[in-house]
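1. how does the following fold in three dimensions:
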Amino acid sequence: MGWVGVLIAGGLVFILTQLPFFSAQMMFGLLSVIMAILTVITIKLLPDFLTRFIVIVLTRLCYRIKVVNPENIPVKGGAMLVSNHVSWADAVLIAATQQRRVRFMMDRDIYNNKWLHPVFKLMQIIPISATDPPKQIVSSLKQARTALDEGYLVCVFAEGTLTRNGMMRAFKGGFERIVRGSEHPIIPTYIGGAWGCILSYYYGGILKTAPKKFPYPVSIHFGEPMDADSKSDKVKLAVHELSCQYYEELKPARISLGHTFIKVARKHWKKHAISDPTGKRLSYGHALTSAIAIGDEINKLTRQKEKVGLLLPASVAGALCNMAITINDRVVVNLNYTVSPQARAFAIEQCEIKTVISSRTFLEKLGIAGELPDVIFIEDITDRITSPAKAIAYLKARLTPARRLAKARKFSPDDLVTVIFSSGSSGHPKGIMLSHHNIISNIEAVRMVIHLTPDDHQCSLPPFFHSLGYTAALWMPMLSGISAHFVPNPLDGKLVGKGARENRSTILFAPPTFLLSYLRRAEPGDFATLRLAVAGAEKLKQRLADSFEAKFGIRPLEGYGTTELSPVTSLNVPDVTVADICHIGNKPGTIGHPLPGIAVKVVDIETGDILPPGTPGLLMVKGPNLMLGYLNNEEETQKVIRDGWYDTGDIAKLDEEDFITITDRLSRFSKIAGEMVPHGAIEHVLLHALETSEQVVAVTGAPDPKKGEQLIVLYTENAATPEKLHQIISQSDLPNIFKPRKENYIKIDTMPMLGTGKLDILKLRQIAAEKGTSKD
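-> Numbers count the residues shown, from 1 in each chain. Take a look at the predicted model:
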């Protein structure tokens, strides 16, 4: 009636203006009355359009919305939008992106809110609840199907409720029933950036804090249309892939690691930053100033664009050298001091390292000075820093623009920041190239689910040559404004316990091997202030977790990652209950849930087909944390990265909620008579029967002329007799093909372990070959 009203009003005004007594003032007054009448009529006849207009205007004022791939929404006809659920604003955020009307399905309790119910009713929201009687649920689903058939867009938040911890919950299958038997496409939808806004549960409830940004930036991503018969697990995977796309969209705005650290240090200038057992304790301002001064000296002693090697333990000196090199836009290579001289020489050669920075005292302890190229000692570097140099460094730290200080004028987020060499647990070490974007996005994802606060203090234990040490122990606290206490020897349980107690540490990342040492040597009260202990790098045995919890009062939660993934991929986190709804964050025996922005899938080893939940297969990972590639090895890079997905080499299964269970590594299988036999399953039976958390047995494979491979059990003196081990396996429920021959139990002096705490799988095979195997 808009144009008709205009024509009628125009004609009426024309007629009245012909009257001699009708003034301009009267004309404007009449127009105002006409507009008021038409507005009232419009509101009466089309109340939902007015409501939608007001909602969209308010939403656009409060949020800065970026819409990605809106062309995937059909111009006309029904379509089902299936989205993640992050905040109370999700519905209006999606509505604000569409010119078409969207009918939303909403939890009935929210729909019945006395303040919002009138608005929801005008918007023709379709209420539904898991507690509804079956007939009422069917009625709601039919309403949604009718809306689709009438040509509406219908949006479903398939998780059924808001996330409480930032991770995506299981998708319920109700939307499958709605579109079943139709031609209506399913549009996967991802809301990115809303976790952390005041209408999410990031702070434990809504409106718990003032807005951090205004307008608040969010992104709405629409995926390619999927068939109406698509299953919920496939749709959820598509939404996860959109979360990866969200992080890619953030990449152009990234600043470098060094640039970020400078900004954080200036913000927290007087706050405690780093410390170690030597008594060194630096504030953020002191750390930044020291890093600048050390970096200036390193630049004088090395050539620009040259990778710089570091051979230093996790310490204040090691942290400052990493900061100094990174701030100067140089590539740092933390060399592994626990590997063989040949492996270390290989890393130096691959990176073309001409200079290694180390400590005179540290090298004397290791006894490896003669095998290194030119060595610059950190003691000599600090001696070279004069008082004027310190003053200049202080002025730079205070006054130089951060971008200029970080030498970020030509910065790209994909620039190489470090090369970390793999442990070589199943082969020769590979140089893994990681970018600024890899490290920062991984830190952001971890922070989203462990909720770092200004009061947190981290006990940083893994060495910096380990990806967990580089990302989580060094850079995560430094980019988050919290303190980090480093311990050069993380296996010294007494020293670690003392540091955690004195620094009131709240967060700890450590491999299970380290935790076992603390269990033996640390005091019960040493970890009293911990709120989160994360175990990674190797399998966390439940017996160890139980013992750790019994002694220290906190249960370590298992995570998973690989160096190629920067490294954290999944985490178990504490369960969270908000508004009487519990979000399960921890499932013992699993490696946790994928971090936000990371997609995982399990595929058939032979065909590559995606497997349904509960079916073991090859674990594939996609996300912003995926490495740039292997150094000087494009062929190997292409083998493990296919269509943006990384082949982890791990055999795993997903449950309905996307919790991952690792069953073994593909390299830890023996193919016997055409069947894949997992070594880990045999080890689990033995260790469980022996009631030990220590790695006193290990299973490997050796060639067999008849069956292709045969199983070998290596055991130490602390395990049991070979007869006892064979008896355990013989009486177990394992299939016969999983049972090693009686003569294939071989005693060894010590179990070969890497510096990261992992089994040295390559060495296991070598030992089995050297000791000899049975012959048929």
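
2. the stretch 51-200 of the chain: helices as residue ranges?
-> Secondary structure of the stretch 51-200 of the chain by DSSP state H, counting those that start in this stretch: the helices cover 90-95, 108-111, 117-122, 134-149, 174-179.

3. now the last one: buried residues?
-> Read that as helix 174-179. The neighbour-count check on helix 174-179 (16 or more other C-beta atoms under 10 Å) flags Gly174, Phe175, Glu176, Ile178, Val179 as buried. The way it works is simple: take the backbone N, C-alpha and C, and place the C-beta from them, glycine included.

4. tell me how far stretch 198-207 is from the chain's mean position?
-> In terms of C-alpha atoms, centre = their mean, to the nearest Å, the centre of stretch 198-207 is found 21 Å from the chain centre.

5. before we move on, what about stretch 338-347?
-> Per C-alpha atoms, centre = their mean, the centroid offset for stretch 338-347 relative to its chain is 30 Å.

6. residue closest to the middle of this structure?
-> What sits nearest the mean C-alpha location of the chain, by C-alpha atoms, centre = their mean, is Leu595, with 3.5 Å.

7. which residues are in contact with that one?
-> Met167, Asn442, Ala445, Val446, Met448, Val449, Val568, Thr569, Ser570, Leu571, Gly623 (C-beta atoms under 8 Å, 6 or more residues apart in numbering).

8. how much space separates it from Phe411?
-> For Leu595, the distance to Phe411 equals 25 Å [C-beta to C-beta, to the nearest Å].

9. with Leu434 instead?
-> Separation of Leu434 from Phe411 (C-beta to C-beta): 15 Å.

10. neighbour count for the two, which is higher?
-> Neighbour tally, Leu434 and Phe411, criterion other C-beta atoms under 10 Å: the higher count belongs to Leu434, 26 against 17.

11. against Val333, how distant is that one?
-> Distance, Leu434 to Val333, by C-beta to C-beta: 11 Å.

12. same check on Glu558?
-> In this view, Glu558 and Val333 are 29 Å apart by C-beta to C-beta.

13. ok, Glu606 next?
-> 38 Å.

14. neighbour-wise, which of the two wins?
-> For Glu606 versus Val333, neighbours defined as other C-beta under 10 Å are more numerous around Val333 (25 against 8).

15. in a strand, that one, correct?
-> Yes: the assignment for Val333 (DSSP: H, G, I helix; E, B strand; the rest coil) places it in a strand.

16. which strand residues bridge it?
-> With DSSP bridges as the criterion, Val333 is bridged to Gly309.

17. the longest strand in the chain is where?
-> Longest among the strand segments of the chain by residue count, using DSSP state E, is strand 645-654.

18. which residues of the stretch 501-650 of the chain score low on pLDDT?
-> Within the stretch 501-650 of the chain, no stretch has pLDDT under 70.

19. could you pull out the strands for it?
-> Using DSSP state E, counting those that start in this stretch, the strands assigned to the stretch 501-650 of the chain run over residues 507-510, 532-535, 557-561, 568-571, 576-578, 581-583, 593-594, 599-603, 617-622, 629-630, 641-642, 645-654.

20. repeat that for the stretch 51-200 of the chain.
-> Ranges of strands in the stretch 51-200 of the chain, per DSSP E, counting those that start in this stretch, are 63-68, 79-83, 102-107, 126-128, 153-157, 186-192.

21. just put those in JSON lines and tack on mean neighbour count.
-> Converted to JSON lines, these look like this (neighbours: other C-beta atoms under 10 Å):
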{"stretch": "strand 63-68", "mean neighbour count": "17"}
{"stretch": "strand 79-83", "mean neighbour count": "26"}
{"stretch": "strand 102-107", "mean neighbour count": "22"}
{"stretch": "strand 126-128", "mean neighbour count": "21"}
{"stretch": "strand 153-157", "mean neighbour count": "25"}
{"stretch": "strand 186-192", "mean neighbour count": "25"}
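
22. reformat these as TSV; add distance to Gly481 and mean pLDDT.
-> Below are these laid out as TSV (distance: least, C-beta to C-beta, whole Å; pLDDT from 0 to 100):
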stretch	distance to Gly481	mean pLDDT
strand 63-68	25	94
strand 79-83	33	96
strand 102-107	36	89
strand 126-128	43	90
strand 153-157	34	95
strand 186-192	24	97
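
23. in a markdown table: the ones you listed, plus distance to Lys407.
-> Output for the strands of the stretch 51-200 of the chain, formatted as a markdown table (distance: least, C-beta to C-beta, whole Å):
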| stretch | distance to Lys407 |
| --- | --- |
| strand 63-68 | 30 |
| strand 79-83 | 41 |
| strand 102-107 | 47 |
| strand 126-128 | 55 |
| strand 153-157 | 45 |
| strand 186-192 | 30 |
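
24. which one of the ones you listed lies nearest to Ile8?
-> Within the strands of the stretch 51-200 of the chain, the stretch nearest Ile8 is strand 102-107; the backing value is 33.2 Å (C-beta to C-beta).

25. helices and strands around the closest one, which ones?
-> Strand 102-107 is packed against helix 90-95, strand 126-128, helix 134-149, strand 153-157, with contacts defined by 3 or more C-beta pairs under 8 Å, 6 or more residues apart in numbering; DSSP states H and E.

26. orientation of that strand relative to helix 134-149 in degrees?
-> Interaxial angle, strand 102-107 versus helix 134-149 (axes from the mean of the first three to the mean of the last three C-alpha atoms, to 10 degrees): 170 degrees.

27. adjacent strands (with direction) for strand 102-107?
-> strand 126-128 (parallel), strand 153-157 (parallel).

28. from the chain's centroid, how far away is it?
-> Taking C-alpha atoms, centre = their mean, one finds the center of strand 102-107 at 30 Å from the center of the full chain.

29. and for stretch 334-354?
-> The chain centre lies 29 Å from the centre of stretch 334-354; the measure is C-alpha atoms, centre = their mean.

30. with mean pLDDT added, can I get the helices of the stretch 51-200 of the chain in TSV?
-> Listed next are the helices of the stretch 51-200 of the chain as TSV, based on pLDDT from 0 to 100:
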stretch	mean pLDDT
helix 90-95	92
helix 108-111	80
helix 117-122	81
helix 134-149	93
helix 174-179	93
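
31. tabulate those helices (a markdown table), appending distance to Arg281.
-> Below are the helices of the stretch 51-200 of the chain laid out as a markdown table (distance: least, C-beta to C-beta, whole Å):
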| stretch | distance to Arg281 |
| --- | --- |
| helix 90-95 | 45 |
| helix 108-111 | 49 |
| helix 117-122 | 55 |
| helix 134-149 | 60 |
| helix 174-179 | 55 |
